[in-house]
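*Asks:* build me a structure from this.
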Amino acid sequence: MLEKTQLSNTELVKEGLAININGFVVVSVLFFTIIMAIGAVFLILATRSFIKTDFSRLNRSASDASALWG
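*Replies:* Sure, this is the predicted structure:
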């Protein structure tokens, strides 16, 4: 990919290094940005969910751990 940075969008699509979606060409930099944005959204959602969890209501004992881990 790094060797083909001078190619036009049409040539990148032809080489399979980009995707044409209804006339909009998505290149690798945009792929990376989209993946990072989705990852950030899910990280924020997971963090919020973890913060809101009430761990005091969990009932754990030594026997539960031994049953789980053997």
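*Asks:* if I look at the residue nearest the centre of the chain, how far off is residue 19?
*Replies:* For the chain, residue 39 is the residue whose C-alpha lies nearest the centre (Cα atoms, centre = their mean; 3.7 Å). When distance is defined by Cβ to Cβ, to the nearest Å, residue 39 is 19 Å away from residue 19. (C-beta placed from N, C-alpha, C; glycine too.)
*Asks:* likewise residue 5?
*Replies:* 17 Å.
*Asks:* between the two, which has more neighbouring residues?
*Replies:* residue 19 (13 against 10; other Cβ atoms under 10 Å).
*Asks:* now the strands for the chain?
*Replies:* 19-21, 24-26 (DSSP state E).
*Asks:* the ones you listed into TSV, with extra columns for mean pLDDT and distance to residue 33?
*Replies:* Converted to TSV, the strands of the chain look like this (pLDDT from 0 to 100; distance: least, Cβ to Cβ, whole Å):
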stretch	mean pLDDT	distance to residue 33
strand 19-21	87	14
strand 24-26	84	10
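*Asks:* out of these, which gets nearest to residue 48?
*Replies:* Across those, residue 48 has its closest neighbour in strand 24-26 (29.4 Å, Cβ to Cβ).
*Asks:* what residues sit buried inside the closest one?
*Replies:* Neighbour counts over strand 24-26 (16 or more other Cβ atoms under 10 Å) mark residue 26 as buried.
*Asks:* neighbouring strands - and their directions - for that strand?
*Replies:* strand 19-21 (antiparallel) (DSSP bridges).
*Asks:* outside of the strand it pairs with itself, list whatever touches it.
*Replies:* 9, 13, 25-26 (Cβ atoms under 8 Å, 6 or more residues apart in numbering).
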